[in-house]
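> predicted model follows, preceded by the sequence.
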Amino acid sequence: MSRAASGCGGGVAIVSGGASGIGAAICRRLGEAEAFRAVGVIDLDEKGAGRAAAELERKGVAAQVGIVDVTDVEAVQDTVDSMVSVLGGLDAAVAAAGNLAGAPLADMTPAVWSSVIETHLTGSFALVKAALPALRRSPAPSVVLISSVAARGIAGNANYGAAKAGVMGLTRSLAKELGPEGIRVNAVAPGFIDTPLTRRHAEQNGLRWEDFAGAAADESALGRIGAPEEVAEAVNFLAGPAGSYVTGQILFVTGGP
């Protein structure tokens, strides 16, 4: 049995978008998990990534920071290669980098369309491609991508919905392709989560956070919005030994059906 699978704290994880919100919560949760001894934090936000890494190190978890644009495939490869060298391997790759820039279709520019598609979909592709050589050397490799309930459709943010639906397709395709090598690939699809991104979205649309979040809570079966830590818990399950026979799945964390 591998060190990662045995829960002996031997695993290494890399998380893109790890500086804040859901990504930072994932870094914290993986750092607390018995299966992982080290976490690489990738983000464009140097200060935020540094804070995330410092928090991990205070808990006795080895951490490495990589400042890179996830849409730059070659730069992501270089960053992952460096992290793998420093941290001593790679067992889990989590693509959590994201952005939100929407508009009605008639007003959406090609630049706005591409910025979201590239960050979510190309960014996920770039991380998995970069991680693949190291994952192939791992005794218990896993990949977790972050999709969204928006993949079911979201008005005024067609680029975001399309990107997140693409992440679902990427997840299932890679699960079929990489499964014969023992590499598991899954995705988590959050619903409305209290993050800096969703708060900025409310502000940019002239909405009071209380009203925005309250409307989302009313639509939830549980009558509330979610927390980043609840998404991170699902990622930890899929990334670690507890999910050892799970691949090609989309786990919705939405507070409802």
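Cool, got the structure.

> low pLDDT regions in the stretch 1-150 of the chain?
The stretch 1-150 of the chain contains residues with pLDDT under 70 at 1-9.

> do a quick rundown of the helices in it.
3-6, 21-32, 46-58, 73-87, 110-117, 123-137 (DSSP state H, counting those that start in this stretch).

> out of those, deepest packed?
helix 21-32 (a mean of 26; mean count of other Cβ atoms under 10 Å). All C-beta spots, glycine's among them, are computed from the backbone N, C-alpha and C.

> next one: that helix to chain centre, how far?
Averaging C-alpha positions (Cα atoms, centre = their mean, to the nearest Å) puts helix 21-32 10 Å from its chain's average.

> also stretch 184-195?
Here stretch 184-195 is found 7 Å from its chain centre; the criterion is Cα atoms, centre = their mean.

> pull up the distance across that stretch, start to finish.
End-to-end span of stretch 184-195 (Cα to Cα, to the nearest Å): 27 Å.

> the helices of the stretch 1-150 of the chain: which one's closest to residue 99?
Counting by Cβ to Cβ, residue 99 lies closest to helix 110-117 out of those; the figure is 6.1 Å.

> how near is the nearest residue to residue 254 once chain neighbours are set aside to residue 42?
Excluding its sequence neighbours, the residue lying closest to residue 254 (Cβ to Cβ, 6 or more residues apart in numbering) is residue 191, at 3.1 Å. For residue 191, the distance to residue 42 (Cβ to Cβ, to the nearest Å) stands at 25 Å.

> who has more neighbours, those two?
The neighbour count for residue 191 versus residue 42, taken as other Cβ atoms under 10 Å, is higher for residue 42 (31 against 20).

> can you report how many residues neighbour the closest residue to residue 56 other than its chain neighbours?
The shortest distance from residue 56 to any non-neighbouring residue, by Cβ to Cβ, 6+ apart, is to residue 63 (4.1 Å). For residue 63, the count of nearby residues is 23 (other Cβ under 10 Å).

> on that earlier part again, residues in contact with the residue nearest to residue 254?
Counting by Cβ atoms under 8 Å, 6 or more residues apart in numbering, residue 191 touches 148, 149, 216, 220, 225, 226, 252, 253, 254, 255, 256.
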